[in-house]
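Asker: need a structure here:
(4 chains)
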2 protein chains.
Amino acid sequence: MTTKATLPLVPAASADCDAPKDVYAAACPCRDLLDLLANKWSALALGALEQGPQRFGALRARLQGVSPKVLTQTLRRLEDHGLVDREVFAEVPLRVEYSLTGLGRDACAPLAHLRTWVERNIDRFPAA
Amino acid sequence: MTTKATLPLVPAASADCDAPKDVYAAACPCRDLLDLLANKWSALALGALEQGPQRFGALRARLQGVSPKVLTQTLRRLEDHGLVDREVFAEVPLRVEYSLTGLGRDACAPLAHLRTWVERNIDRFPAA
DNA sequence: GGCTACTAGTTCCTTTTGGGTACTATGGCG
DNA sequence: CGCCATAGTACCCAAAAGGAACTAGTAGCC
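Answerer: Numbers count the residues shown, from 1 in each chain, chains lettered A, B, ... in the order given. Take a look at the predicted model:
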């Protein structure tokens, strides 16, 4: 038996998102956005940019352990979604600055809550 | 030239986490925890469980689009970290109930902020 | 001119993860 | 016996994460 037969996983009438603002709906764009923000590197990058515009190298140093490739991907994705701005200065050596947009600044609030909750509650977790 | 020569990515003295509560430190356990919580399915699963204990099938229906494998993975990971409880009832057909621990309940708050922020601000995002 | 250095990436490759579909185990019911 | 249900697991493939090495463009130095 297939999955489809056992459970009506999606109401089926709402393929194009009848309830347009439900992260629990698979087809809702909210899902993609949640996927973007609920992500380790995004949360860290936006938090770093909260303290002002930063260069690529500075972000790389702040987000300890991030590889340049992943950092580029993360920043591009945030840029594509209108959360950060990328500004290139034709200096030498080349300088590129990343900064938050208004939207990005707003998105920082819930992510900051998450980060600080983690830091404040880490001791309550089993050592494993 | 290698990466090591150009940037001291990690202070190197703090391999075992001198500042024990910094999500920006690669070696800090906070990092793993952030990775666990800052995750689409975790955020959705914990949010679903906020409304009371749920069976596997109910969660699967609520988290539209999740496959049984991924749901199992997500729930086990949350269980391993002490965020959810898993209770098996030896009935027939088998019943398994998932519920939040105290820690899990606390973790819901920041995640709920994130989910509702997304739902409330989705319209501000570029259509792309 | 040739060498080095700087920044901000990209490319290539391997490993890990995500994810779907199909299948299993258990037991009641007709 | 065959069928239903639930709660998963097994298997496989594709996508993504991730690391190390390499590139581009320019300036300064010898």
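
Asker: rest of the way, CA atoms for contacts and neighbours
Answerer: OK.

Asker: gap between the closest residue to residue A:103 other than its chain neighbours and residue A:36?
Answerer: Nearest non-adjacent residue to residue A:103, counting by Cα to Cα, 6 or more residues apart in numbering or on different chains: residue A:83, 5.6 Å away. Applying Cα to Cα, to the nearest Å, the value for residue A:83 to residue A:36 is 11 Å.

Asker: same check, this time on residue A:108
Answerer: According to Cα to Cα, residue A:108 stands 13 Å off from residue A:36.

Asker: more crowded one of these two?
Answerer: Between residue A:108 and residue A:36, residue A:108 has the larger neighbour count (other Cα atoms under 10 Å in any protein chain shown), namely 23 against 20.

Asker: who's in contact with the more buried one?
Answerer: A:43, A:46-47, A:50 (Cα atoms under 8 Å, 6 or more residues apart in numbering or on different chains).

Asker: strands along chain A, start to end?
Answerer: Secondary structure of chain A (DSSP state E): strands at A:54-55, A:84-89, A:95-100.

Asker: out of those, which is closest to DNA strand D?
Answerer: DNA strand D lies closest, by Cα to the nearest atom of the strand, to one member of the strands of chain A: strand A:95-100, at 9.5 Å.

Asker: may I see the buried residues of the longest helix belonging to chain A?
Answerer: Longest helix in chain A, counting residues (DSSP state H): helix A:102-121. Neighbour-count burial for helix A:102-121 flags A:104-105, A:107-115, A:117-119 (criterion: 16 or more other Cα atoms under 10 Å in any protein chain shown).

Asker: and which of those is nearest to residue A:28?
Answerer: residue A:107 (18.6 Å; Cα to Cα).

Asker: list the contacts for the closest one?
Answerer: Per Cα under 8 Å, 6+ apart, neighbours of residue A:107: A:83, B:117.

Asker: ok, now residue A:126?
Answerer: For residue A:126, the contacting residues are B:81-82, by Cα under 8 Å, 6+ apart.
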